[in-house]
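In: Quick one: sequence plus predicted model below, questions after.
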Amino acid sequence: MSPISNQDPRAKLFVALDLPSLAEAERLVARLGDTVTHYKIGYRLGYSDGIAFGRELAASGKSIFFDLKLHDIDNTVREGVESIVKTGAHYLTVHAYPQTMKAAAAGRAGSHLKILAVTILTSWNDVDCAEAGYAGSLQSLVQSKAKQAVALGMDGIVCSAQETGLLRAAGIPDRVELVTPGIRPAGVDSGDQKRIVTPRAAIAGGADRLVVGRPITAVADPVAAAQAILDEIVMARG
Ligand SMILES: O=C(O)c1cc(=O)[nH]c(=O)n1[C@@H]1O[C@H](COP(=O)(O)O)[C@@H](O)[C@H]1O
């Protein structure tokens, strides 16, 4: 269960702890204090000390999202998800391939863990989709993958905030969370992200949760950066 009300703007913001060491992650979490309640742990920390750290943060009341983007044979995915259930984390990503999503649903059966299906990465555009061998536009791919994810019992969709309106219009139900990385406050470097949206526009456009890494973790004052994003979230809600 999320430790804070869903109405609290902090429940809308996952900070991506893509940091080089456990010590740096611990320092950042301590510095952010009560400003941030939701954290995402991905490859960088997950492949070192991140799983144990996520378990610790979950036990301390933070909401934890393991972004492991699972994709493997059924048995391996199911067993991997079963291991994540035991950490007390709240969210886990898998790639939006049917076999993988079915295996993930089996692995989390009866638990509190929410599975998020990653559609098309926010660092991709139409050219990247074509290069990967996909036919059709990026938007149509996001839409068809999202519909399949819902049909297979996924709890949420990871997409760009550029696609949230399209997905709701296509019938993705409100109970399915739209989780959006590729968030960049105005004037902030996009880096490798190609489908970016500001925090305010993302929330106004229907994103349920924002995932933000470098605009918070790689700046001189992460607390001020996080607070500015929370302020945008409040403004977007009017
Ligand atoms: O699954 C994700 O979280 C994810 C999916 C996606 O399509 N794009 C994407 O950027 N992410 C993650 O979201 C975070 C974005 O980080 P920044 O670009 O630094 O804000 C990174 O940890 C990515 O791994």
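Out: Received it, and whenever you're ready, just let me know what you need.

In: rest of the way, CA atoms for contacts and neighbours
Out: Fine.

In: What parts of this protein come near the ligand?
Out: 16, 18, 42, 67, 118, 120-122, 159, 181-183, 211-214 (C-alpha under 6 Å from any ligand atom).

In: Tell me the helix or strand right after the longest strand seen in the chain.
Out: The longest strand of the chain (DSSP state E) is strand 63-70. Per DSSP states H and E, the first helix or strand lying C-terminal to strand 63-70 is helix 74-85.

In: Let me know the angle separating that next one from strand 63-70.
Out: Put simply, helix 74-85 runs at 160 degrees to strand 63-70, going by axes from the mean of the first three to the mean of the last three C-alpha atoms, to 10 degrees.

In: The very next helix or strand once past helix 74-85 pairs with which strands?
Out: Following helix 74-85 in sequence order, the next helix or strand is strand 91-95 (DSSP H and E). Counting by DSSP bridges, the strands paired with strand 91-95 are strand 63-70 (parallel), strand 114-118 (parallel).

In: what comes up buried for the helix or strand just after the last one?
Out: Moving toward the C-terminus from strand 114-118, the next helix or strand (DSSP H and E) is helix 126-131. Of the residues in helix 126-131, those with enough neighbours to count as buried (16 or more other C-alpha atoms under 10 Å) are Cys129.

In: still on that earlier bit, burial-wise, tell me which of the strands paired with strand 91-95 comes out on top.
Out: Each of the strands paired with strand 91-95 was scored by mean neighbour count; the highest is strand 114-118, a mean of 26, by mean count of other C-alpha atoms under 10 Å.

In: Give me the nearest residue to the residue lying farthest from the centre of the chain, chain neighbours excluded.
Out: The C-alpha centroid of the chain is most remote from Ala135, which lies 25.7 Å away (C-alpha atoms, centre = their mean). Nearest-residue entry for Ala135: Cys129, 7.7 Å, with adjacent residues in sequence omitted and distances by C-alpha to C-alpha, 6 or more residues apart in numbering.
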